[in-house]
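In: return atomic coordinates for the entry below.
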Amino acid sequence: MNRSKQTRHRQIRTGVAAIALAGVAGIIWPVLAADNPPTDWPSYNRTLTSERYVPFDQINRGNVSGLKQICVYDLGIDTSFQTGPLVIGRTLYGTTEKDTFAIDADNCQQKWRVHEEIRGALPVNRGAAWLDGRLFRGTQDGRVFAYDAATGKKLWETRIADPKKGESVPAAPIAWNGMVFIGNAGGDRYEGRGRMYALDAKTGKNLWETYMVPNDGPPAPNNERMQALARESWGNAKGVPVSGGASWTSYSLDPAKGLLYVPGGNPSPDFLKDVRPGANLFSDSVVILDAKTGVYRGHFSLVPEDFHDWDVAGAPALFTTKSGHHVMAATPKDGQLYVYDVDSAKRLYATPITRRENADVPLSDKPVHFCPGSSGGAEWNGPAYSPETNLIYSGAEDWCTTVVVIDPKKPASVSLGQQWTGSGDGNLFGKKDPNWGGFVNAIDADTGQVKWRFRTTAPALAGVTPTKGGLVFAGDLASHAFAFDAASGKVLWQTELPGAAGGGVVSYMVDGKQRVAYVAGTRSPIFPVATASAKIVIFGLQ
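Out: Residues are numbered from 1 along each chain as shown. Here you go, the predicted model:
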């Protein structure tokens, strides 16, 4: 490697954007999707900038102990229920891998429910997007649907992924300025490559496509620089395909600058670093694209040279701290909170949010135990921010994995579309510890110091939601719902849910009354939780 390439390789590995984030600087303000009333929850993380902050205080520190269950909507199915609900006016929308539904946001009465016979890799969908009376969602067989939000009538469908390659579309899209933004999952599959799309909200027409890792063909127009950076960061031998960089949660957008922030999944094979030398851009990165064109504007490489399956999973939060820093906060599966100054593209800090052990120990044909395990860290729900406390809040799991890998010099015994992790003991993603737990964290946005931390008995994977009432709502896979004092971490309210909490936690106003809705009944082949049907549970003051 010549001196110039050595210098470039070091730049890429630092985790700072390889080129200046031209045009990124500027104040990032919280903006509701489509300028909805502030009483709604109109996007996966409420705002396009993903802070999840709720600006009303009818439910507050003084009265949250009186929170009671108002109603339950039971879907009557056993599924991996991880949806992030939307609330528009009196209607709450949600998804499963096959169903899309609308219920009354105050009494749980069903308004409509549409069922599609969809086959796919995993029984999961993380939610929908809403724009101008239309609802948009992805499917496990690689399509994106649009429905009339009032009736559930299907308006259009567009295919963006190939299920024969193991690709799917489980992520919750976001919508803005007449466009729907969505990417494909399948980066753990042999030859699975992540791509990002913008679709016309009215017609479903593909407006642009951007590859998140090197592709075999020519780059998209004006994205030659992005593909050049990506290609030189993958040192795969001839015949070893580039795989990874897929997205499977949701996204963030700075509407003032028209910039889309895309969290990228892990490179594959997950555990065999020697098969894919280099930083493996743009996997495990947050990539910044021009929302109108899909053209690359910059990136933050959070987990370069990943060999633990530590995706940058949840959508990053964009906000301005109390001291005036314009920042991006992200919580990958590696168990740390990363905060970057978007004006300078410099990392301000990385703060552990769960146990980290053996993070740098190479994997081999002998068992290696590492924490967090291959399931995280954080998962599909990203960090939240409250301007009231200047604290960043995040949930995390404390669960470790032991991995044995195959000989990286032997040819892969997998084919197109099959899972490609490199594990050598029959456990595709390693062997999990028998015991688990989790944390809810509060971290000073300017200093990175942990203000408080609460230990949960199971992974805390539900959405974390701070409010103007001085509260933080959260939940865990042991079916617990919590309300914490946002400043101190004291538990002010706790109740048992009728199933594991691993989806959204949203708060909104209906007829002048604040409500809090939890997704219960999260199921997954990865997480051993109690069997329960999928439910939406709505709480309020009586």
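In: who touches Thr354 in this structure?
Out: By C-beta atoms under 8 Å, 6 or more residues apart in numbering, Thr354 lies in contact with Gly335, Cys371, Pro372, Gly377, Ala396, Glu397, Asp398, Gly438, Phe439. From N, CA and C alone the C-beta is placed, and that goes for glycine too.
In: would you list the phi and psi of it?
Out: With angles defined as degrees, to the nearest 10, Thr354 sits at phi -160, psi 180.
In: tally of neighbours for the closest residue to Glu116 other than its chain neighbours?
Out: Distances taken as C-beta to C-beta, 6 or more residues apart in numbering place Lys98 nearest to Glu116, at 5.5 Å, with adjacent residues excluded. Counted with other C-beta atoms under 10 Å, the neighbours of Lys98 add up to 18.
In: if we can go back for a sec, of the contacts of Thr354, which is the most crowded?
Out: Going by other C-beta under 10 Å, Gly377 tops the contacts of Thr354 with 32 neighbours.
In: contacts only, for that one.
Out: Applying C-beta under 8 Å, 6+ apart to Gly377 gives the contacts Trp310, Thr331, Pro332, Lys333, Asp334, Gly335, Gln336, Ile353, Thr354, Ala396, Glu397.
In: of those residues, which belong to strands?
Out: When DSSP state E defines the strands, the subset of those inside them is Gln336, Ala396, Glu397.
In: what's across from the second one in the sheet?
Out: The reference is to Ala396. Per DSSP bridges, residues listed as beta-bridge partners of Ala396: Phe439.
In: the first one too?
Out: Going by DSSP bridges, Gln336 is paired in beta bridges with Pro352.
In: sorry, back to before: and which of the contacts of Gly377 is nearest to Gly89?
Out: Gly89 lies nearest to Thr331 out of these, by C-beta to C-beta, at 31.4 Å.
In: wait, isn't that closest one in contact with Trp380?
Out: No - using C-beta atoms under 8 Å, Thr331 makes no contact with Trp380, being 10.6 Å away.
In: returning to that earlier point: out of the contacts of Gly377, which comes closest to Trp420?
Out: Taking the contacts of Gly377 together and measuring to Trp420 by C-beta to C-beta, the closest member is Trp310, at 16.4 Å.
In: hmm, Asn266 and that closest one touching each other?
Out: Yes - with contact defined as C-beta under 8 Å, Trp310 reaches Asn266; the gap is 6.5 Å.
In: for the residue sitting nearest the centre point of the chain, what are its contacts?
Out: When C-alpha atoms, centre = their mean is applied to the chain, the residue found nearest the centroid is Gly314 (2.3 Å). Going by C-beta under 8 Å, 6+ apart, Gly314 touches Thr249, Ser250, Pro263, Ala330, Thr331, Ala378, Glu379, Trp380, Asn381, Gly382, Pro383.
In: re the thing from before, against Gly469, how distant is the residue nearest to Glu116?
Out: Lys98 sits 36 Å away from Gly469, going by C-beta to C-beta, to the nearest Å.
In: possible to save the ones in strands among the contacts of Gly377 as JSON lines with distance to Ala172 and pLDDT?
Out: Output for the ones in strands among the contacts of Gly377, formatted as JSON lines (distance: C-beta to C-beta, whole Å; pLDDT from 0 to 100):
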{"residue": "Gln336", "distance to Ala172": "23", "pLDDT": "98"}
{"residue": "Ala396", "distance to Ala172": "20", "pLDDT": "98"}
{"residue": "Glu397", "distance to Ala172": "20", "pLDDT": "98"}
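In: buried residues in stretch 296-315?
Out: 296-315 (16 or more other C-beta atoms under 10 Å).
In: still on that earlier bit, quickly list what's touching both of Trp310 and Asn266.
Out: The contact sets of Trp310 and Asn266 overlap at Asp284, Val303 (C-beta under 8 Å, 6+ apart).
In: tell me the pLDDT of Ala313.
Out: Per-residue confidence (pLDDT) for Ala313: 89.
In: that one - nearest residue in space that isn't next to it in sequence?
Out: Once flanking residues are discounted, Ala313 sits nearest to Thr249: 5.2 Å by C-beta to C-beta, 6+ apart.
In: ok, the one you found - contacts?
Out: Going by C-beta under 8 Å, 6+ apart, Thr249 touches Arg126, Ala171, Ala172, Pro263, Ala313, Gly314, Ala315, Trp380, Asn381, Gly382.
In: so Ala198 makes contact with Trp208?
Out: Yes - Ala198 is in contact with Trp208 according to C-beta under 8 Å; the separation is 5.1 Å.
In: who has more neighbours, the two?
Out: Taking neighbours as other C-beta under 10 Å, Ala198 and Trp208 compare with Ala198 leading, 27 against 20.
In: next one, pLDDT for that one please.
Out: For Ala198, the predicted pLDDT is 98.
In: and for Thr457?
Out: Confidence score, pLDDT, at Thr457: 97.
In: what's the helix or strand for the nearest residue to it once chain neighbours are set aside?
Out: Nearest residue to Thr457, sequence neighbours excluded (C-beta to C-beta, 6+ apart): Ala478, at 4.9 Å. For Ala478, there is no host helix or strand (DSSP states H and E).
In: burial count for Ala478?
Out: Around Ala478 there are 19 other residues, counting by other C-beta under 10 Å.
In: over to Pro221?
Out: 10.
In: coming back round to it: let's have the contacts of Gly377 in CSV, adding distance to Leu67.
Out: As requested, the contacts of Gly377 are arranged in CSV below (distance: C-beta to C-beta, whole Å):
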residue, distance to Leu67
Trp310, 36
Thr331, 27
Pro332, 32
Lys333, 32
Asp334, 34
Gly335, 31
Gln336, 32
Ile353, 26
Thr354, 28
Ala396, 24
Glu397, 25
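In: from the residues you listed, which is closest to Thr389?
Out: Ile353 (16.7 Å).
In: might one say that that closest one is in contact with Gln336?
Out: Yes - using C-beta under 8 Å, Ile353 makes contact with Gln336 at a distance of 6.4 Å.
In: if we can go back for a sec, give me the three-state assignment for the residue nearest to the centre of the chain.
Out: Look at Gly314: counting by DSSP: H, G, I helix; E, B strand; the rest coil, its state is coil.
In: per-residue confidence for the closest residue to it other than its chain neighbours?
Out: Distances taken as C-beta to C-beta, 6+ apart put Gly382 closest to Gly314, at 2.8 Å, once the chain neighbours are dropped. At Gly382, the model reports a pLDDT of 96.
In: so what's the residue count around Gly382?
Out: Neighbours around Gly382, by other C-beta under 10 Å: 30.
In: that one: what's it in contact with?
Out: 45, 50, 249-250, 263, 313-317, 329-331, 394.
In: quick check: mean pLDDT across stretch 414-428?
Out: Throughout stretch 414-428, pLDDT has a mean value of 86.
In: repeat that for stretch 174-185.
Out: The model assigns stretch 174-185 a mean pLDDT of 98.
In: mind listing the helices for the stretch 401-542 of the chain?
Out: With DSSP state H, counting those that start in this stretch, there are no helices along the stretch 401-542 of the chain.
In: list the contacts for Gly138?
Out: Asn125, Val144, Phe145, Ser168, Val169, Pro170, Ala171, Pro173, Ile182 are the contacts of Gly138 under C-beta under 8 Å, 6+ apart.
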